[in-house]
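S.K.: predicted structure and sequence below. I'll ask about it afterward.
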Amino acid sequence: MSPVTVRLLIVLAVVAVVTLVGTWWRVRHARLRRPAGSFSDGELEEVGLAGADASVRGLLLSSPTCPPCRAVKAVLAEAADARPAFRWAEVDAAEHLGVARSHHVLRVPTLFVIGPDRRIVARTSGVPSVREMVDLIDEPARVQRAEPHGGRPRTRTLVRDGRRSARR
Amino acid sequence: MRWSTREIDVRGPRFSAAITMILLAVAIVVQDTVGLVLVAWQVLAFAVATVAGLRWSLYGNLFRFLKRRLGWGPPPATEPEGPPRFAQACGLVFAGAGLVAIVLGADLVGWVLVGIVLALSSLLALTGICVGCELYLLGERLRSRGVSSG
(Lines give C-alpha, C1' and ligand atoms only; values in the text may rest on other atoms or scores of the structure.)
Protein backbone atom coordinates (compact mmCIF):
# COMPACT_ATOMS: atom_id res chain seq x y z
CA MET A 1 0.00 0.00 0.00
CA SER A 2 1.28 3.43 -0.82
CA PRO A 3 1.65 5.94 2.05
CA VAL A 4 -1.23 7.95 0.64
CA THR A 5 -3.54 4.92 0.82
CA VAL A 6 -2.42 4.23 4.39
CA ARG A 7 -3.13 7.81 5.40
CA LEU A 8 -6.49 7.74 3.68
CA LEU A 9 -7.41 4.60 5.62
CA ILE A 10 -6.22 6.17 8.89
CA VAL A 11 -8.32 9.29 8.24
CA LEU A 12 -11.39 7.21 7.41
CA ALA A 13 -10.85 5.08 10.52
CA VAL A 14 -10.52 8.15 12.75
CA VAL A 15 -13.71 9.67 11.37
CA ALA A 16 -15.58 6.36 11.71
CA VAL A 17 -14.45 5.76 15.30
CA VAL A 18 -15.24 9.35 16.30
CA THR A 19 -18.73 9.06 14.82
CA LEU A 20 -19.41 5.78 16.61
CA VAL A 21 -18.14 7.02 19.97
CA GLY A 22 -20.00 10.31 19.58
CA THR A 23 -23.26 8.60 18.72
CA TRP A 24 -22.89 6.19 21.64
CA TRP A 25 -22.18 9.11 23.99
CA ARG A 26 -25.21 11.03 22.80
CA VAL A 27 -27.55 8.08 23.11
CA ARG A 28 -26.19 7.18 26.55
CA HIS A 29 -26.73 10.66 27.94
CA ALA A 30 -30.03 11.32 26.25
CA ARG A 31 -31.45 8.12 27.75
CA LEU A 32 -33.90 8.35 30.56
CA ARG A 33 -32.36 6.61 33.54
CA ARG A 34 -34.03 5.25 36.63
CA PRO A 35 -31.45 5.69 39.38
CA ALA A 36 -32.03 4.85 43.00
CA GLY A 37 -31.82 7.72 45.46
CA SER A 38 -33.82 10.62 46.73
CA PHE A 39 -33.57 14.30 47.47
CA SER A 40 -33.45 15.54 51.04
CA ASP A 41 -35.88 18.14 52.34
CA GLY A 42 -32.97 20.54 52.61
CA GLU A 43 -32.04 20.10 48.97
CA LEU A 44 -35.60 20.64 47.82
CA GLU A 45 -35.78 23.70 50.03
CA GLU A 46 -32.58 25.02 48.49
CA VAL A 47 -33.87 24.77 44.93
CA GLY A 48 -37.32 26.10 45.80
CA LEU A 49 -39.23 22.84 45.45
CA ALA A 50 -40.02 22.16 49.09
CA GLY A 51 -43.55 21.46 50.21
CA ALA A 52 -45.46 18.60 51.70
CA ASP A 53 -47.87 18.31 48.80
CA ALA A 54 -48.11 15.13 46.80
CA SER A 55 -47.01 16.58 43.49
CA VAL A 56 -44.33 15.28 41.21
CA ARG A 57 -41.51 17.78 40.87
CA GLY A 58 -39.02 18.49 38.14
CA LEU A 59 -35.58 19.88 38.86
CA LEU A 60 -33.44 21.08 35.98
CA LEU A 61 -29.78 21.81 36.59
CA SER A 62 -28.64 24.09 33.82
CA SER A 63 -26.11 26.74 32.95
CA PRO A 64 -26.58 30.17 31.38
CA THR A 65 -24.99 29.15 28.07
CA CYS A 66 -26.55 25.83 27.17
CA PRO A 67 -28.86 25.50 24.18
CA PRO A 68 -30.38 22.09 25.15
CA CYS A 69 -31.33 23.56 28.55
CA ARG A 70 -33.75 25.89 26.79
CA ALA A 71 -35.31 22.97 24.96
CA VAL A 72 -35.77 21.08 28.25
CA LYS A 73 -37.33 24.16 29.83
CA ALA A 74 -39.84 24.39 27.01
CA VAL A 75 -40.74 20.72 27.54
CA LEU A 76 -41.17 21.30 31.30
CA ALA A 77 -43.39 24.30 30.69
CA GLU A 78 -45.59 22.30 28.32
CA ALA A 79 -45.75 19.39 30.74
CA ALA A 80 -46.84 21.81 33.48
CA ASP A 81 -49.58 23.08 31.21
CA ALA A 82 -50.82 19.51 30.71
CA ARG A 83 -50.44 18.56 34.41
CA PRO A 84 -51.08 21.62 36.57
CA ALA A 85 -49.98 19.84 39.77
CA PHE A 86 -46.49 19.43 38.34
CA ARG A 87 -44.01 21.89 39.78
CA TRP A 88 -40.59 22.49 38.36
CA ALA A 89 -37.58 24.65 38.94
CA GLU A 90 -34.50 25.51 36.99
CA VAL A 91 -31.31 26.24 38.87
CA ASP A 92 -27.80 27.03 37.76
CA ALA A 93 -25.67 23.96 38.49
CA ALA A 94 -22.75 26.23 39.35
CA GLU A 95 -24.77 27.90 42.10
CA HIS A 96 -25.87 24.63 43.66
CA LEU A 97 -22.72 22.58 43.66
CA GLY A 98 -23.76 20.66 46.75
CA VAL A 99 -26.82 19.31 44.98
CA ALA A 100 -24.85 18.72 41.79
CA ARG A 101 -22.16 16.82 43.65
CA SER A 102 -24.37 14.67 45.83
CA HIS A 103 -26.30 13.53 42.74
CA HIS A 104 -23.22 13.15 40.53
CA VAL A 105 -24.28 15.75 38.01
CA LEU A 106 -21.44 16.08 35.54
CA ARG A 107 -23.12 17.93 32.73
CA VAL A 108 -25.94 20.28 31.95
CA PRO A 109 -28.75 19.92 31.30
CA THR A 110 -29.51 17.29 33.90
CA LEU A 111 -33.16 16.86 34.69
CA PHE A 112 -34.49 15.05 37.75
CA VAL A 113 -38.08 13.96 38.07
CA ILE A 114 -38.78 13.68 41.78
CA GLY A 115 -41.74 11.80 43.20
CA PRO A 116 -44.00 12.98 46.05
CA ASP A 117 -41.92 10.87 48.45
CA ARG A 118 -38.79 12.81 47.32
CA ARG A 119 -37.52 9.70 45.59
CA ILE A 120 -35.97 10.13 42.13
CA VAL A 121 -38.35 8.83 39.50
CA ALA A 122 -36.02 9.45 36.59
CA ARG A 123 -33.07 11.51 35.39
CA THR A 124 -31.76 12.43 31.98
CA SER A 125 -29.26 14.71 30.29
CA GLY A 126 -31.18 14.63 27.05
CA VAL A 127 -34.28 16.47 25.96
CA PRO A 128 -37.31 14.32 26.81
CA SER A 129 -40.52 14.60 24.84
CA VAL A 130 -43.57 16.20 26.44
CA ARG A 131 -45.30 12.80 26.19
CA GLU A 132 -42.48 11.15 28.18
CA MET A 133 -42.58 13.91 30.79
CA VAL A 134 -46.34 13.61 31.26
CA ASP A 135 -46.02 9.82 31.61
CA LEU A 136 -43.38 10.29 34.29
CA ILE A 137 -45.55 12.81 36.11
CA ASP A 138 -48.47 10.38 36.09
CA GLU A 139 -46.35 7.45 37.15
CA PRO A 140 -46.29 7.78 40.97
CA ALA A 141 -50.06 8.25 40.96
CA ARG A 142 -50.45 5.06 38.94
CA VAL A 143 -48.17 3.17 41.31
CA GLN A 144 -49.96 4.19 44.49
CA ARG A 145 -53.50 4.69 43.32
CA ALA A 146 -54.69 4.04 46.84
CA GLU A 147 -53.59 7.54 47.74
CA PRO A 148 -55.80 9.87 45.75
CA HIS A 149 -54.77 13.46 45.35
CA GLY A 150 -56.82 16.19 43.87
CA GLY A 151 -55.69 18.68 41.30
CA ARG A 152 -53.78 21.39 43.04
CA PRO A 153 -53.56 24.92 41.73
CA ARG A 154 -50.66 25.36 39.40
CA THR A 155 -47.66 26.58 41.29
CA ARG A 156 -44.78 26.62 38.94
CA THR A 157 -41.66 27.92 40.55
CA LEU A 158 -38.88 29.23 38.44
CA VAL A 159 -35.81 29.75 40.54
CA ARG A 160 -32.91 31.45 38.94
CA ASP A 161 -30.02 33.39 40.24
CA GLY A 162 -30.49 37.05 39.49
CA ARG A 163 -26.91 37.85 38.61
CA ARG A 164 -26.66 35.14 36.00
CA SER A 165 -30.07 35.42 34.45
CA ALA A 166 -29.54 39.14 34.07
CA ARG A 167 -26.89 38.42 31.48
CA ARG A 168 -29.35 36.82 29.11
CA MET B 1 -11.82 34.59 29.13
CA ARG B 2 -15.23 36.08 28.60
CA TRP B 3 -16.63 37.00 25.25
CA SER B 4 -19.85 38.63 24.19
CA THR B 5 -23.07 36.78 24.75
CA ARG B 6 -24.10 37.40 21.15
CA GLU B 7 -26.41 34.68 19.88
CA ILE B 8 -25.56 32.68 16.79
CA ASP B 9 -27.34 30.09 14.64
CA VAL B 10 -26.50 26.64 16.04
CA ARG B 11 -26.03 25.30 12.51
CA GLY B 12 -23.13 27.67 11.86
CA PRO B 13 -20.44 25.97 14.00
CA ARG B 14 -21.45 22.58 12.67
CA PHE B 15 -21.19 23.79 9.09
CA SER B 16 -17.76 25.26 9.84
CA ALA B 17 -16.68 22.02 11.48
CA ALA B 18 -17.67 20.10 8.34
CA ILE B 19 -15.46 22.32 6.17
CA THR B 20 -12.64 22.01 8.69
CA MET B 21 -13.04 18.24 8.69
CA ILE B 22 -12.84 17.95 4.88
CA LEU B 23 -9.93 20.37 4.64
CA LEU B 24 -7.85 18.66 7.30
CA ALA B 25 -8.69 15.17 6.02
CA VAL B 26 -7.39 16.15 2.58
CA ALA B 27 -4.35 17.81 4.18
CA ILE B 28 -3.45 14.68 6.15
CA VAL B 29 -3.86 12.42 3.12
CA VAL B 30 -1.87 14.49 0.61
CA GLN B 31 0.59 16.15 3.05
CA ASP B 32 3.59 17.79 1.32
CA THR B 33 3.22 21.44 0.33
CA VAL B 34 -0.48 21.27 -0.48
CA GLY B 35 -1.23 19.69 2.89
CA LEU B 36 0.87 22.26 4.69
CA VAL B 37 -0.89 25.13 2.91
CA LEU B 38 -4.29 23.68 3.86
CA VAL B 39 -3.24 23.42 7.51
CA ALA B 40 -1.90 26.98 7.42
CA TRP B 41 -5.20 28.18 5.94
CA GLN B 42 -7.12 26.37 8.67
CA VAL B 43 -4.92 27.93 11.36
CA LEU B 44 -5.73 31.31 9.84
CA ALA B 45 -9.46 30.52 9.90
CA PHE B 46 -9.26 29.50 13.57
CA ALA B 47 -7.25 32.63 14.39
CA VAL B 48 -9.74 34.98 12.73
CA ALA B 49 -12.71 33.40 14.52
CA THR B 50 -10.91 33.40 17.87
CA VAL B 51 -9.47 36.90 17.76
CA ALA B 52 -12.12 38.83 15.80
CA GLY B 53 -15.15 36.77 16.86
CA LEU B 54 -17.48 34.45 15.01
CA ARG B 55 -19.02 37.41 13.21
CA TRP B 56 -15.81 37.50 11.15
CA SER B 57 -15.38 33.72 10.91
CA LEU B 58 -14.49 32.78 7.32
CA TYR B 59 -16.66 29.69 7.25
CA GLY B 60 -19.34 31.41 9.30
CA ASN B 61 -19.67 34.04 6.59
CA LEU B 62 -19.80 31.36 3.91
CA PHE B 63 -22.55 29.68 5.97
CA ARG B 64 -24.55 32.91 6.21
CA PHE B 65 -24.07 33.56 2.47
CA LEU B 66 -25.31 30.07 1.53
CA LYS B 67 -28.12 30.33 4.07
CA ARG B 68 -29.38 33.49 2.33
CA ARG B 69 -28.86 32.25 -1.20
CA LEU B 70 -30.29 28.79 -0.68
CA GLY B 71 -33.02 29.82 1.74
CA TRP B 72 -32.13 27.55 4.64
CA GLY B 73 -34.64 29.36 6.77
CA PRO B 74 -34.45 30.72 10.29
CA PRO B 75 -32.19 29.05 12.85
CA PRO B 76 -33.81 26.04 14.59
CA ALA B 77 -32.15 27.36 17.76
CA THR B 78 -29.54 29.87 18.75
CA GLU B 79 -26.66 29.62 21.17
CA PRO B 80 -24.28 32.12 22.78
CA GLU B 81 -21.08 32.81 20.91
CA GLY B 82 -18.76 32.06 23.84
CA PRO B 83 -18.52 28.25 23.81
CA PRO B 84 -18.03 27.79 20.03
CA ARG B 85 -15.55 30.65 19.99
CA PHE B 86 -13.58 28.99 22.76
CA ALA B 87 -13.68 25.79 20.69
CA GLN B 88 -12.15 27.74 17.79
CA ALA B 89 -9.39 28.86 20.17
CA CYS B 90 -8.74 25.21 21.10
CA GLY B 91 -8.53 24.39 17.40
CA LEU B 92 -6.12 27.26 16.93
CA VAL B 93 -3.83 25.98 19.67
CA PHE B 94 -3.71 22.40 18.37
CA ALA B 95 -3.58 23.17 14.64
CA GLY B 96 -1.10 25.98 15.26
CA ALA B 97 1.17 23.70 17.27
CA GLY B 98 0.85 21.08 14.53
CA LEU B 99 1.79 23.58 11.86
CA VAL B 100 4.84 24.74 13.81
CA ALA B 101 5.90 21.14 14.42
CA ILE B 102 5.65 20.26 10.72
CA VAL B 103 7.55 23.38 9.68
CA LEU B 104 10.29 22.54 12.23
CA GLY B 105 10.56 19.02 10.79
CA ALA B 106 8.70 17.07 13.49
CA ASP B 107 6.32 15.70 10.88
CA LEU B 108 4.78 12.86 12.87
CA VAL B 109 4.05 15.03 15.93
CA GLY B 110 2.64 17.74 13.69
CA TRP B 111 0.30 15.51 11.75
CA VAL B 112 -0.90 13.77 14.91
CA LEU B 113 -1.84 17.20 16.30
CA VAL B 114 -3.65 18.00 13.05
CA GLY B 115 -5.32 14.59 13.36
CA ILE B 116 -6.65 15.54 16.81
CA VAL B 117 -8.26 18.64 15.31
CA LEU B 118 -9.67 16.46 12.51
CA ALA B 119 -11.15 14.06 15.07
CA LEU B 120 -12.79 16.83 17.13
CA SER B 121 -14.12 18.72 14.11
CA SER B 122 -15.60 15.54 12.62
CA LEU B 123 -17.16 14.79 16.02
CA LEU B 124 -18.92 18.16 15.89
CA ALA B 125 -19.78 17.93 12.18
CA LEU B 126 -21.16 14.40 12.29
CA THR B 127 -22.66 14.06 15.77
CA GLY B 128 -23.09 17.63 16.98
CA ILE B 129 -20.85 17.18 20.02
CA CYS B 130 -18.56 20.15 20.55
CA VAL B 131 -15.80 19.17 22.96
CA GLY B 132 -14.31 22.67 23.07
CA CYS B 133 -17.74 24.09 24.00
CA GLU B 134 -18.07 21.55 26.83
CA LEU B 135 -14.63 22.56 28.12
CA TYR B 136 -15.69 26.21 28.10
CA LEU B 137 -18.81 25.40 30.10
CA LEU B 138 -16.78 23.30 32.54
CA GLY B 139 -14.36 26.19 33.01
CA GLU B 140 -17.23 28.58 33.52
CA ARG B 141 -18.71 26.32 36.20
CA LEU B 142 -15.38 25.98 37.98
CA ARG B 143 -14.79 29.72 37.84
CA SER B 144 -18.19 30.61 39.17
CA ARG B 145 -17.55 28.21 42.06
CA GLY B 146 -14.48 30.32 42.88
CA VAL B 147 -16.59 33.48 42.69
CA SER B 148 -19.46 32.22 44.80
CA SER B 149 -17.23 30.75 47.51
CA GLY B 150 -14.88 33.74 47.60
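M.R.: Cool, got the structure. Keep in mind the model is a prediction, meaning the values are calculated, not measured.
S.K.: looking at the chain, which helix or strand is least sure?
M.R.: Answering for chain A, as no chain was given. helix A:162-165 (a mean of 37; mean pLDDT, DSSP states H and E).
S.K.: please refer instead to chain B.
M.R.: Per-SSE averages on chain B (mean pLDDT, DSSP H and E): minimum helix B:131-149, a mean of 70.
S.K.: and the residue nearest to the spatial centre of chain A, bridged to which residues?
M.R.: Geometric centre of chain A, nearest residue: residue A:111, 1.1 Å, by Cα atoms, centre = their mean. Per DSSP bridges, residues listed as beta-bridge partners of residue A:111: residue A:60, residue A:124.
S.K.: ok, for the residue nearest the centre of chain B, nearest residue in space, not its chain neighbours?
M.R.: The centroid of chain B falls nearest to residue B:88 when counting by Cα atoms, centre = their mean (3.5 Å). Take residue B:88 and drop its neighbours on the chain: the residue closest to it by Cβ to Cβ, 6 or more residues apart in numbering or on different chains is residue B:49, 4.1 Å away. Yep, even glycine has a C-beta here, placed from its N, CA and C like the rest.
S.K.: okay, now the unreliable bits of the chain?
M.R.: Answering for chain A, as no chain was given. Within chain A, the stretches with pLDDT under 70 are A:52-54, A:142-168.
S.K.: you looked at the wrong chain, it should be chain B
M.R.: For chain B, the ranges with pLDDT under 70 are B:1-5, B:141-150.
S.K.: quick one, strands of it?
M.R.: Counting by DSSP state E, one finds strands in chain B at the ranges B:7-9, B:78-80.
S.K.: for chain A, what is the nearest residue in chain B?
M.R.: Residue of chain B nearest chain A, by Cβ to the nearest Cβ: residue B:127 (3.3 Å).
S.K.: residues in contact with that residue?
M.R.: Residue B:127 makes contact with A:18-19, A:22-23, A:25-26, according to Cβ atoms under 8 Å, 6 or more residues apart in numbering or on different chains.
S.K.: what's around the closest residue to residue A:65 other than its chain neighbours, how many residues?
M.R.: Using Cβ to Cβ, 6+ apart and skipping residues adjacent in sequence, the residue nearest residue A:65 is residue B:80, 4.3 Å away. For residue B:80, the count of nearby residues is 21 (other Cβ atoms under 10 Å in any protein chain shown).
S.K.: near the residue lying closest to residue A:7 once chain neighbours are set aside, how many other residues are there?
M.R.: With Cβ to Cβ, 6+ apart as the criterion, residue A:7 has its nearest non-adjacent residue at 4.9 Å, and that residue is residue B:29. Neighbourhood size, residue B:29 [other Cβ under 10 Å]: 19.
S.K.: mind listing the helices for chain B?
M.R.: Along chain B, the stretches classed as helices by DSSP state H are B:11-30, B:32-52, B:58-70, B:82-103, B:107-127, B:131-149.
S.K.: then chain A?
M.R.: Going by DSSP H, chain A shows helices at A:3-30, A:41-46, A:67-82, A:97-102, A:130-143, A:162-165.
S.K.: now these in a markdown table, with mean neighbour count?
M.R.: What follows is the helices of chain A, written out as a markdown table (neighbours: other Cβ atoms under 10 Å in any protein chain shown):
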| stretch | mean neighbour count |
| --- | --- |
| helix A:3-30 | 14 |
| helix A:41-46 | 15 |
| helix A:67-82 | 18 |
| helix A:97-102 | 15 |
| helix A:130-143 | 17 |
| helix A:162-165 | 12 |
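S.K.: output those helices in a markdown table; the columns should cover distance to residue B:116.
M.R.: Listed next are the helices of chain A as a markdown table, based on distance: least, Cβ to Cβ, whole Å:
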| stretch | distance to residue B:116 |
| --- | --- |
| helix A:3-30 | 9 |
| helix A:41-46 | 40 |
| helix A:67-82 | 25 |
| helix A:97-102 | 30 |
| helix A:130-143 | 37 |
| helix A:162-165 | 33 |
